[in-house]
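# Sequence and predicted model, in that order:
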Amino acid sequence: MKSRKKPSAMRLSKFLSLSVAMSRNQAKFFIRKGRVSVDGNVIADPNFELADTSQVIFDGKSISIAAYQYVLLHKPTSYVCAANDTEYTSVLKLLKSRSEDRYYYFANVLAPESTGIVLLSDDARWTSRMKRKLLKKPCVYKARSKKIVSEDQLRQIREAWSAPLENQTSPIVDIQQQDEKTLLFSTTQTRLKEIMDIFSSVDLVIESLKLQQLGRLSLGDLTEGGYLELTENEIKV
């Protein structure tokens with residue numbers, strides 16, 4: 001991984017926690033134990049301020065702040081948006097450039113049986129901000145039914161769909177029939193369960209569900225299981 005530039009006057013404890021997978025308290029503990037040196041000198045003060053040119057050694061190894069990863073992934077079915085799971089394989093297994101010593105966070109989560117866009121990063125603060133932002137963004141889903149969607153079913157879905165929720169004045173955005181078994185619809189993440197319940201209420205059994213677009217982000221030509229590593233500024237939702 002590429003290294004990020006060390007900010008001026010960064011405290012040693014913060015630098016260690018950003019360079020190695022540990023909390024700030026753990027970093028302070030290790031520093032006080034004398035396991036960290038700066039420019040050849042053991043430093044036991046967690047608040048020691050580093051210069052841009054400082055060379056930091058932890059347990060005999062030179063360390064630097066690894067650049068954060070920002071990933072747009074096309075999730076396949078039977079994968080889970082979690083670090084570990086007893087039943088499904090984590091989508092993290094698909095990331096060939098993943099750093100094993102860092103924890104990854106999900107800005108949005110898809111069910112194991114669903115496919116489509118997933119955003120994740122090892123930058124916890126960015127992920128938290130993105131997660132809140134995405135809740136308000138429209139999502140475009142492709143739903144594939146096991147049987148042909150009848151005109152009556154489509155009418156009932158649209159009628160139920162256009163009814164606003166309590167304390168909400170705007171209906172869900174749009175629904176289109178792409179072919180006899182496929183529906184395209186736009187909604188927010190918070191209303192997805194409601195839409196699936198509507199489908200179920202008209203005896204529409206959904207065989208597959210794909211998140212095609214998340215805000216302004218789309219999959220484009222990205223195949224299932226593929227991913228793009230982007231910069232923070234390249235992810236515009």
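Cool, the structure landed.

# so what are the domain limits for this structure?
Here the domain parsing of the chain from automatic domain parsing is 10-63, 70-135+219-234, 139-214.

# Put together CSV for those domains, with mean pLDDT and mean neighbour count on each row.
Every residue, glycine included, has its C-beta placed from N, CA and C. Below are the domains of the chain laid out as CSV (pLDDT from 0 to 100; neighbours: other C-beta atoms under 10 Å):
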stretch, mean pLDDT, mean neighbour count
domain 10-63, 92, 15
domain 70-135+219-234, 93, 16
domain 139-214, 88, 15
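
# quick one: contacts for the closest residue to residue 134 other than its chain neighbours?
Spatial nearest neighbour of residue 134, chain neighbours left out: residue 108 (5.4 Å); criterion: C-beta to C-beta, 6 or more residues apart in numbering. Contacts for residue 108 were tallied using C-beta atoms under 8 Å, 6 or more residues apart in numbering; they are 81, 117, 118, 119, 131, 134, 189, 211, 214.

# again, only using 10 Å
Residues in contact with residue 108 (C-beta atoms under 10 Å, 6 or more residues apart in numbering) are 75, 81, 116-120, 127, 130-131, 134-135, 137, 139, 189, 211, 214, 237.

# With residue 199 instead?
143, 145, 149, 153, 156-157, 160-161, 183, 185, 205-206, 209.

# ok, of these, which one's closest to residue 223?
The closest of the contacts of residue 199 to residue 223 turns out to be residue 209 (C-beta to C-beta; 17.8 Å).

# My understanding was that that closest one contacts residue 187; is that so?
No - using C-beta atoms under 10 Å, residue 209 is not in contact with residue 187; the gap is 11.9 Å.

# shared neighbours, the two?
Jointly contacting residue 209 and residue 187 under the rule C-beta under 10 Å, 6+ apart are 141, 195.

# Go through the contacts of residue 108 and flag which are in strands.
Within the contacts of residue 108, residues falling in strands by DSSP state E are 75, 116, 117, 118, 119, 120, 139, 211, 214.

# Nearest to residue 232 among these?
residue 119 (11.3 Å).

# beta partners for the closest one?
Assessed by DSSP bridges, residue 119 has beta-bridge partners residue 72.

# Pull the contacting residues for it.
Applying C-beta under 10 Å, 6+ apart, the residues contacting residue 119 are 70-73, 81, 105-109, 126-127, 130-131, 134, 214-215, 217, 230, 235, 237.
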